[in-house]
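Student: Let's see this in three dimensions:
(chains A, B, C and D)
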There are 4 protein chains.
Amino acid sequence: MYFSFNDKQIYYETHGKGKPIILLNGIMMSTASWKAFIPSLSEQNMLVLVDFLDQGKSADMTENYDQALQVELVAKLMDELKLKSASVMGISYGGEVALKLAVKYPSRVDRLLLFNTTAKTCDRLRDVGRGWNRIGESGDGAAYYDATIPVIYSAKFYSERLEWMRAREKKLAPLFGDRGFQARMKRLVISSDYHDCSADIKKITCPTLVVACEDDVLLPRPEQDFIASQIKGAQYVVLPDCGHASMYEKPLLFASLILGFVNVKDTEYVI
Amino acid sequence: MYFSFNDKQIYYETHGKGKPIILLNGIMMSTASWKAFIPSLSEQNMLVLVDFLDQGKSADMTENYDQALQVELVAKLMDELKLKSASVMGISYGGEVALKLAVKYPSRVDRLLLFNTTAKTCDRLRDVGRGWNRIGESGDGAAYYDATIPVIYSAKFYSERLEWMRAREKKLAPLFGDRGFQARMKRLVISSDYHDCSADIKKITCPTLVVACEDDVLLPRPEQDFIASQIKGAQYVVLPDCGHASMYEKPLLFASLILGFVNVKDTEYVI
Amino acid sequence: MYFSFNDKQIYYETHGKGKPIILLNGIMMSTASWKAFIPSLSEQNMLVLVDFLDQGKSADMTENYDQALQVELVAKLMDELKLKSASVMGISYGGEVALKLAVKYPSRVDRLLLFNTTAKTCDRLRDVGRGWNRIGESGDGAAYYDATIPVIYSAKFYSERLEWMRAREKKLAPLFGDRGFQARMKRLVISSDYHDCSADIKKITCPTLVVACEDDVLLPRPEQDFIASQIKGAQYVVLPDCGHASMYEKPLLFASLILGFVNVKDTEYVI
Amino acid sequence: MYFSFNDKQIYYETHGKGKPIILLNGIMMSTASWKAFIPSLSEQNMLVLVDFLDQGKSADMTENYDQALQVELVAKLMDELKLKSASVMGISYGGEVALKLAVKYPSRVDRLLLFNTTAKTCDRLRDVGRGWNRIGESGDGAAYYDATIPVIYSAKFYSERLEWMRAREKKLAPLFGDRGFQARMKRLVISSDYHDCSADIKKITCPTLVVACEDDVLLPRPEQDFIASQIKGAQYVVLPDCGHASMYEKPLLFASLILGFVNVKDTEYVI
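Tutor: From the prediction side, this is the model:
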C-alpha cells in the first residue's frame, strides 16, 4: 500500500489487528526484511511496516535531507492509518527516528522499543559512514560489501552461519554496485550524520525498552547505556554474542522481546 | 487449590486459559510472590503457580531430601492438570528444578525459561548456604536478614528503593526469626547443595531462554554463560543493573520476557 | 617499627630504597598480608607497609571514629618517614583512605592506585556491614566466617583453591570468634559507614590507576566506573574471574600492576 | 641496525640493558611506533624493537608467505642478539607471532604478553581483511583510511582526540594510496589469513599476560577469553574504553602493564 508524503509515494503494509506496533527499518533494510516476524507480531497486534524515503519501495529523494523528515513521514503514516498512538520499535537508523518521534510527538508513542540505537551520531560513526559513501562511489559492489557487512556481524554468527553469509554476499554485492542503490544509501547516511537528540531524550516518559548487543561495533553498548540512563524507568537488556544486525542474528529473541514488551501490562507492578 | 504428592498437600493456583506457563519459585518465594504478574501472564495463557515442598502453603517435610523430589512434584502437578506439556519458567532454585525437569522429562517442557539459574551448585555457593543455615539457627531474624538480603540486590535498586527495602526488612526480619520458617529454609538449602546437571543439559532441545543479571552475586553471569553455551540454540539475555531477585528489581521486564518468549512463534525464522 | 599518632602506637615497616610506595590495607588485612609482595615491590622501590588504627599490630581505639582519622595517620607516617610525597596504593578500605588522602593532601600523592574501591559507601554496603557486626557480636566465629568470606571470592577461585580456602577457614574462624578482634572490626566497619568523597574526587590530578574486579560483590564494577569517570586521565583496568580480595586471588597480576604503574614514566606519551 | 634473514635485511633496534623485552608490531606499525615507550622500557631492561618482513625498514617480500616465517625471523633475531630467551610482547599481528613463537620455541620465551590477539583468524576477520585488500587495490588512500582506521578506535577516544585523528588521517591517507605500501600490507594480511594455533596454546607454560580491550572490533573480548582459558595460570586484564590500537589509545597503561609484568618476581606467591 502507498500513501503520499510531501508528494512522494511511501510504501507500507499492515498485518493483523489489535494493539498497533510500527517497525522502523535500519538503513539497509526494507519492509521485506521483516517477513519472518509477521506471524508472531500480527497474531494479536496490528503490525505496521514502512519503507522510509530512499528505502525499499518508497520514492527516491533527489537531494540531501535531514533524518527529521523521516520522523514526519512516520507521523503522517499514523494519521493515514488513523492511529492516535502506537508502540514504536526502531533498529539503528529506525531507532534514531523512533527516539526523535517520541521526543517530538510524545502522545503518539505508547511504548518505545530501541534496538542498536544511538542518541547522537558520534565523530567515529560519521567517519565510518563517510568511508561507506566513498567506497560506494567506486561502483565496486564487492568492496562495498566487504567494507560494510562482515564487521557488523558477530564472529560467532559469521562462522556458524557461513553459508547464509555467502548467500547474502552473492545477493547483496551486485545490488551494492548499483548506482541507484548507492545514491539512496548515500543520502540516507548523510541524513543521520548530525543526528543528535541526546539532550532531549530525558523528556521521554513512555515505557521504553532499550536493547544493546555485545558485539555491535557500530553502536556499541555505551551508546545504549546512555539512552537507558536518560529515560526514566527504561528497561534495559543486553544480548551476548550478537552484532549490529540483531534482527538477523537473533530473530526469535528479537521477535519475543517485541511481542512481550508491547503486550505486557504495566500498571500492576506495585510490589 | 491443593493436590496430593507423596501424601503431602501441595498448594497451586491456575489463572486464565491458553498455552500453559508454569512458574517455579526461588527459594524464599511462594505463589504469593507472583501476584503482580498474574494479569499479564494469564490474559492469553493458562498461568500455573505452585509452592514447592517446604514453601508457602505446601506441606512441610520433616527430614532432608534431594531437590530431585521437587522435580517429581512438578511432573505430578502437570498430571493433575492434565497438561501433557507446558512452558516452564524457573528462577534460581526454581530454575534448577526446571533444568532437571527438562532433562528428565523432555516431552513435557515446550519452552524453558531460566532466570538466575545454575547448572551446578558450586563450592562457594554451598558454603554461602551453610552460613545462612548457621545464622538461621541462632534465631536472630535481623542477623539472618542482613546476611541474606542486602547483598542479593543491586546497589542501584537498594538506594533508589530504600523505603521498599526498609518495609521488606520490617516484614521479613520477624519471619526470619521463626523456628518453623528456618527449619523449612534449611531443608530447602540442603536439598540443592549437590544439585548438578551440568553434564546433562546439552540434551535439552526445546527453545530455551536464559536470563543473567549483571549484579547477581549468588549466581553471577558465568553460571548462565555456561548454560547458554550448552543448550543448542539457547536465547540469551543479560540484564544490567539487576541483582539476584530479578523479579522484584525488574518486574515489568521480567513479565515481558516471559510473555514474549512463551508466545512467540518459532517456526518461521528461516532467514 | 612504631611511630606515635595521637598517642597511639602505629606499626609500620619499610623495605628497600627508591621511589616510595605506600600500601594501604583492606579492612581485614594487616602488614603481614603483603609478605609475598615485598621482594617485587622493594627491589627498586622503598615499600612502606602500615597497620591502620584497630588493625594488626597498631593500637586499639576504644570508641568509634571516622575513617578520616586514618587519612591523618597516613599523612603523619609520611612526615615520620620524611616523605614529601609517594605513590599510594589502597585496596577497599585502604582505597577509600587513599582517595581522601589524594583529595586533602594532593601534593603528597604522586600516583594513586585504587583496587576494589568506592568513592562512597552506599546503602546496600552499609547494611551488609551492619550484618557483619551483628553476626560478629554473637561470638560465633564460624558463622562470621561464612557470612563474610565465601561470597567475596570468585566462584572459580573458590573451587580451584578449595584447600587453601579450607586452611584459611581453619585459621580465621577462631580469630573471628575473638571478642577483641570483633570490637576492632566493628569500629573499622563503622568508621567507613558514611565515607563519601564522591563530589571531591574530580579534583584529583595525579596519575591514577583504577582496578575493578568482575566478581567483586561488595564493590562491583559500577563503583569503579564512577571513580574512573571522575578523575581526569585515570587509567582503568578490569580483572575477569576475580573477586573482592584481588590481592589474594591474583597476587602476581596485582604486584605487576603496582610495579608497572609506579615506575613507568609518564612524560613522553605525546603520540 | 640490520641483520640478515633468508637473505633479506631486517631492521631492529636495541635500547638499554637488563632483562630483555622484545616488542612485536601490529600489522600497520613499525619500530618507529614505539618511540614513546623507549624511556620506560629501556631504563632497567634491554628493549628490542624489530620490523617484520614487509614492515618499516625491513625488506619487502615479493610473493605471498605464511606468518610462520615471521616466527622464524624473531628466533633468528634472538640468535643474532645472543638472547637465549626473552620476554616477548606482541600486539595483534605481533601477538599472533608471539603465540606461535611460544608454542614452537618454549625455551626462548620467559614471559609472554599478548595485547589484542587471537589464537585463530576467524572467517569474519578474514573477510574484513579481504575487503581491506580490495579497497587498497583501488589506490584510493582516503577510502582505505576510512575503511580501516575509524572503526578500530573507541568512539570515546575518537571524539576526545579528534585533532590527533585528523592529523593522523592527513599523514596516513597519502601513504595508504601508495602502491608499494599496499603491496606490503596485502601480503601481511594474507600471511595471517589462516593463522591458527588454537589447539596448541594450551602447551604454553610460561607466565602469560593477556590483555583484551572492550571496544576492540577486530579481535573482541571472546578471542582473548579463549586464550586466557587455554593457557594455565594466564593473567588476564580487560581495558574499558579502548579499541584495537591500544598502544595509541592507552600508552601509559600499555607501557606500565609491560613494565610491571616483565619485571615482577613470580616465585613467591605461595599465599
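Student: Count the residues that sit near the nearest residue to A:Leu218 once chain neighbours are set aside.
Tutor: Nearest non-adjacent residue to A:Leu218, counting by Cβ to Cβ, 6 or more residues apart in numbering or on different chains: A:His244, 4.9 Å away. For the C-beta atoms, the positions are set from N, CA and C on the backbone; glycine is no exception. By the criterion of other Cβ atoms under 10 Å in any protein chain shown, A:His244 has 23 neighbours.
Student: so how far is A:Pro150 from A:His244?
Tutor: Counting by Cβ to Cβ, to the nearest Å, the gap from A:His244 to A:Pro150 is 11 Å.
Student: got it, and A:Pro39?
Tutor: In terms of Cβ to Cβ, A:Pro39 sits 30 Å off from A:Pro150.
Student: still on that earlier bit, pop out the phi and psi values for the residue nearest to A:Leu218.
Tutor: For A:His244, the backbone dihedrals are phi -70, psi -30 (criterion: degrees, to the nearest 10).
Student: residue boundaries of the helices in chain A?
Tutor: Here chain A has its helices, by DSSP state H, at A:38-42, A:68-80, A:93-104, A:123-137, A:141-148, A:155-160, A:162-176, A:179-191, A:221-230, A:246-249, A:251-263.
Student: If A:Ile10 is in a bridge, with which residues?
Tutor: On the basis of DSSP bridges, A:Ile10 is bridged to A:Phe3.
Student: can you tell me which residues contact it?
Tutor: Counting by Cβ atoms under 8 Å, 6 or more residues apart in numbering or on different chains, A:Ile10 makes contact with A:2-4, A:50-51, A:53, A:58-59, A:73, A:76-77.
Student: Tell me, please, where in chain A the pLDDT is lower than the cut-off.
Tutor: Residues of chain A meeting the criterion pLDDT under 70: A:267-271.
Student: where's the residue of it found nearest chain B relative to A:Leu113, distance?
Tutor: When scored by Cβ to the nearest Cβ, chain A has A:Gly260 as its residue closest to chain B, at 2.4 Å. Separation of A:Gly260 from A:Leu113 (Cβ to Cβ): 10 Å.
Student: between the two, who's got more neighbours?
Tutor: Set side by side, A:Gly260 and A:Leu113 show more neighbours around A:Leu113, with 27 against 24, by other Cβ under 10 Å.
Student: on that earlier part again, quick one: buried ones out of the contacts of A:Ile10?
Tutor: Burial by neighbour count, 16 or more other Cβ atoms under 10 Å in any protein chain shown: within the contacts of A:Ile10 this picks out A:3, A:50-51, A:53, A:58-59, A:73, A:77.
Student: quick one: contacts for the residue nearest to A:Leu218?
Tutor: Contact analysis of A:His244 by Cβ under 8 Å, 6+ apart lists A:92, A:116, A:152-153, A:213, A:216-219.
Student: Which one of those sits in the busiest neighbourhood?
Tutor: When neighbours are taken as other Cβ under 10 Å, the top entry among the contacts of A:His244 is A:Asn116 (29 neighbours).
Student: Now that one: phi and psi?
Tutor: Dihedral angles (degrees, to the nearest 10) for A:Asn116: phi 50, psi 50.
Student: Relative to B:Ser92, how far out is the nearest residue to the residue of chain A closest to chain B once chain neighbours are set aside?
Tutor: In this structure, A:Gly260 finds its nearest non-sequential neighbour in B:Gly260, 2.4 Å apart by Cβ to Cβ, 6+ apart. B:Gly260 sits at a distance of 21 Å from B:Ser92 (criterion: Cβ to Cβ).
Student: Right, I'll leave it there.
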